[in-house]
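S.K.: got a sequence here, can you model it:
(2 chains)
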Amino acid sequence: MHELLQDEKGKKLFLLGNEAIVRGALEAGLKVAAAYPGTPSSEIGNNLYQIAKDKNSGIYFEFSVNEKIAMEVAASASAAGLRSLTCLKHVGLNVASDVLMTLSYLGTKGGMVIINADDPSMHSSQNEQDNRMFAKFAGIPLLEPTNPQEAKEMIIKAFALSEQLELPVMLRTTTRISHARGVVELGALPEDRSFKKGKFIKDPKRWVPVPAVARERHKVLLTRMDEAEKLADTSNLNIISGNGKKAIIASGVAACYVEDAIFDLKLSDAVSFLRLGFSFPFPKNLIADFLKDKDDVLVVEELEPFIEDALKNVLFDNNLNIMVYGKATSHLPRTFEFNPLQVKTAIIKFTGVSSDANPDELPDLSSIPVLPMRPPTLCKGCPHTETYMRFKEALKELGLEDSAIYPTDIGCYTLGLLPPIQMADYLLCMGSSVGSSAGFSVSTEQKIVAFIGDSTFFHSGVPSLVNAVFNNHNFCLVVLDNSTTAMTGHQPNPGMSIVPDDYDKTQVPIENVIQGIGIKNLFKINPYKKEESVEIIKEALQKPGVTVVISESPCILYYKKVGGKK
Amino acid sequence: MSRLKILFTGVGGQGTLLASRILGEAAIEAGIEAISSEVHGMAQRGGVVETSLLLGGQKSPLISDGESDIMVSFEPLETIRSLNKCSKKSIIITNTTPIMPFTVTLGMSQYPDIQNWIKFMQDNFKKVYAVDADSMAKECGSPKSVNILLLGILSGVGLLPLSMDVIKNAIKNRIKPNLYEANIKAFEKGIEVSKC
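M.R.: Next up, the predicted model:
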């Protein structure tokens, strides 16, 4: 049995934030979940995928082909009355945003939670957008846990809140919540865990947002969000401690740093601390009430001044004239995740207390030279390295190695950026290798050789490839088919030809898709067959129009894991 | 109990995450509050993996510069890289077996002279345990048990508020039965080293 399915109420486990979230969803009676993996959210999908294989789990889970589809799956399950969720990384919500922006108009029936994992400091991401903005943009309630235990409790409340308001609710974590491991006390699982199907009740004036319907639904949304604000004002997820004249407001993991700083600096009597767990709609009355007798306030939140700016509106509306410290005053930055000392330093500056640190205890480290960097690399024996080397050789022989442009994509193979490969020149987002190749092909005389992985190809490469054929573009696309979604932990994708024993999905061969689009110049290589591959690549590179080379060889880690069964 | 901040550092694939997890699970068993932060995703592919474990009621899952009570490092270059997380009061436990980053193998930079830096650590920090954990783990019958061996040293130092039995039990729960014996041998070896 999966560890997260054990039915021992009160038992304590040392769980990742992402595991705690899964447990909370199970305790809340989750029925349908769908996701596309992405760090730091991936372990949520991985665990749900394993759990759903257990027929007694009572849940359906799928790895959808991209985040937009996953959110659509979860949304319609909710419309059919079932509790559902989707989980994604921050940039995954960009892909699903087309769904989200109208889903808030349609609303939900069964509770629906969107678990959104932001990545301040970009540990595994191309940007550090603050997706609390998306909760505000779409108009949905937002909960921000501070640790794994709270994440578990909050998702249970999020399902209830969603059903009460008939709106999807965003549970927003960051890397330091999703990948924190903490003590989590298990609650009870539902007694009846059988999967009973829901029923969709037709109501075109609700579910089909043609303009006349959408106009009404927008008004409904705003009314619901007014109700949500009242709930936020009185929510027990917003916790006040202390009664000093100096106020601190924080959310997410930053609230943990504040708590530790208050402890270390012995400030519990000097400050009042509001930990905002239900942070949007912004609890205006709570904030006005909290600040009415305070001297000034420090806002501690990672990334954008989301709370800080909203708070200033509240002060203005309530004729409260107190100073707000935070990002605007450079007490804390807008870039990167915080660390405990950084927050403590801001609190020392804000309160004027003396530091508890003893600089004499720090050794002089100035003699340490610049150390060799240790960036992540492709694994020893990775087939991607082989493919890159074959292409390098072929391009060299054709005299194109230096002038060619290498648009790349998102996956392990993005590491082709580093020496000795250095064949990654341009990247935006999932699937962008294909679309950007089209742009380069009309704007330059350079040879274009783009790289995309199998999972990313299905995620968002396919429409761009249709576009390339349709508009007569001219580039070579290399599909690095390693038979898995390797970077995020070997999740399945439609193209997989090597699968575990209990695998029951249907294969959609990449080759068939490419042929179906009408691409005549389709080549296949096994990158370990060196001479043969180079010859095929050279031929492919000399063809005009859209050319595709599928480089087929499984991820070595995945191949070991599934025991090499084909 | 007083609060304890332990930093684990190493290279992706060395088992740093498992070491901190085992200790966290032992803490639960002993009724002690624990929080930890892990590294997953792209960084794990041969990059630096830094994990923290904070015992005794701290809320923050991260350790700031100068604040580690103990650093357990699986790779000597990474030990040097993380010295800024330590103070003069810190105890340092470090493996001395290098793992060359590709920036060194490609000739882009030079690997530091480890013996010099161990001397530096001995001069500047409270106590340094520098051992060839890779060779010792091999002698114990499982080359992969470097993490458990270092855990043994950490346990032997005597700062953990956890009994040996509780830690051994936590190891048992996370190690495959066929590897348990070699790992316990590595753990005992670590304890022995800590007494030297």
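S.K.: quick check: buried residues in stretch B:81-93?
M.R.: Buried residues in stretch B:81-93, counting neighbours by 16 or more other Cβ atoms under 10 Å in any protein chain shown, are found at B:R81, B:S82, B:L83, B:K85, B:C86, B:S87, B:S90, B:I91, B:I92, B:I93. C-beta: built from backbone N, CA, C; applies to glycine.
S.K.: same deal with stretch B:160-174?
M.R.: For stretch B:160-174, by 16+ other Cβ under 10 Å, it's B:L160, B:L162, B:V166, B:I167, B:K168, B:A170, B:I171.
S.K.: so the fifth one: helix, strand or coil?
M.R.: On the three-state scheme (DSSP: H, G, I helix; E, B strand; the rest coil), B:K168 is labelled helix.
S.K.: what's the answer for the first one, then?
M.R.: Assigned with three-state DSSP, B:L160 falls in the coil class.
S.K.: would you mind finding the longest helix in chain A?
M.R.: Longest helix in chain A by number of residues (criterion: DSSP state H): helix A:211-234.
S.K.: circling back to that earlier point, among the buried residues of stretch B:81-93, which are in helices?
M.R.: B:R81.
S.K.: coming back round to it: who touches the longest helix of chain A?
M.R.: Helix A:211-234 is contacted from outside by A:102, A:104-107, A:139, A:141, A:161, A:164-167, A:204-206, A:209, A:238, A:278-286, using Cβ atoms under 8 Å, 6 or more residues apart in numbering or on different chains.
S.K.: next helix or strand past that helix?
M.R.: Using DSSP states H and E, the helix or strand that directly follows helix A:211-234 along the chain is strand A:238-241.
S.K.: helices or strands up against the next helix or strand after that following strand?
M.R.: Next in sequence after strand A:238-241, counting helices and strands by DSSP H and E, comes strand A:246-250. Packing partners of strand A:246-250 (3 or more Cβ pairs under 8 Å, 6 or more residues apart in numbering or on different chains; DSSP states H and E): helix A:253-264, strand A:271-276, helix A:284-291, strand A:296-300, helix A:340-351.
S.K.: in the longest helix of chain A, which residues are buried?
M.R.: A:V213, A:R217, A:V220, A:L221, A:R224, A:M225, A:A228, A:E229, A:L231, A:A232, A:D233.
S.K.: stretch A:3-11 too?
M.R.: Neighbour-count burial for stretch A:3-11 flags A:L4, A:L5 (criterion: 16+ other Cβ under 10 Å).
S.K.: report whether that stretch contacts chain B.
M.R.: No. Residues of stretch A:3-11 contacting chain B under Cβ under 8 Å from any Cβ of the partner chain: none, with a closest distance of 9.6 Å.
S.K.: how about residues contacting that stretch?
M.R.: Under Cβ under 8 Å, 6+ apart, the answer for stretch A:3-11 is A:13, A:19, A:22-23, A:26, A:47, A:51, A:54, A:56-57, A:185-189.
S.K.: any of the residues you listed buried? List them.
M.R.: The neighbour-count test (16+ other Cβ under 10 Å) marks A:L13, A:E19, A:V22, A:R23, A:L26, A:N47, A:I51, A:S57, A:L186, A:G187, A:L189 as buried among the contacts of stretch A:3-11.
S.K.: out of those residues, who's near chain B?
M.R.: Restricting these to those near chain B - Cβ under 8 Å from any Cβ - leaves A:L13.
S.K.: mind listing which of the buried ones among the contacts of stretch A:3-11 are in strands?
M.R.: A:L13 (DSSP state E).
S.K.: alpha carbons of stretch B:148-164, as PDB, please.
M.R.: Extracted in PDB, the C-alpha atoms of stretch B:148-164 (Å, rounded to 0.1, in the frame of the first residue of the first chain):
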ATOM      1  CA  ILE B 148      25.100   6.200   6.500                       C
ATOM      2  CA  LEU B 149      28.700   6.200   7.500                       C
ATOM      3  CA  LEU B 150      28.700  10.000   7.700                       C
ATOM      4  CA  LEU B 151      25.500   9.800   9.600                       C
ATOM      5  CA  GLY B 152      27.300   7.500  12.000                       C
ATOM      6  CA  ILE B 153      30.000  10.100  12.600                       C
ATOM      7  CA  LEU B 154      27.300  12.800  13.100                       C
ATOM      8  CA  SER B 155      25.600  10.500  15.700                       C
ATOM      9  CA  GLY B 156      28.800   9.700  17.400                       C
ATOM     10  CA  VAL B 157      29.700  13.400  18.000                       C
ATOM     11  CA  GLY B 158      27.000  13.400  20.700                       C
ATOM     12  CA  LEU B 159      25.100  16.600  19.900                       C
ATOM     13  CA  LEU B 160      22.000  14.900  18.500                       C
ATOM     14  CA  PRO B 161      19.200  14.600  20.900                       C
ATOM     15  CA  LEU B 162      18.500  11.000  19.600                       C
ATOM     16  CA  SER B 163      19.500   7.600  20.900                       C
ATOM     17  CA  MET B 164      21.500   5.300  18.700                       C
END
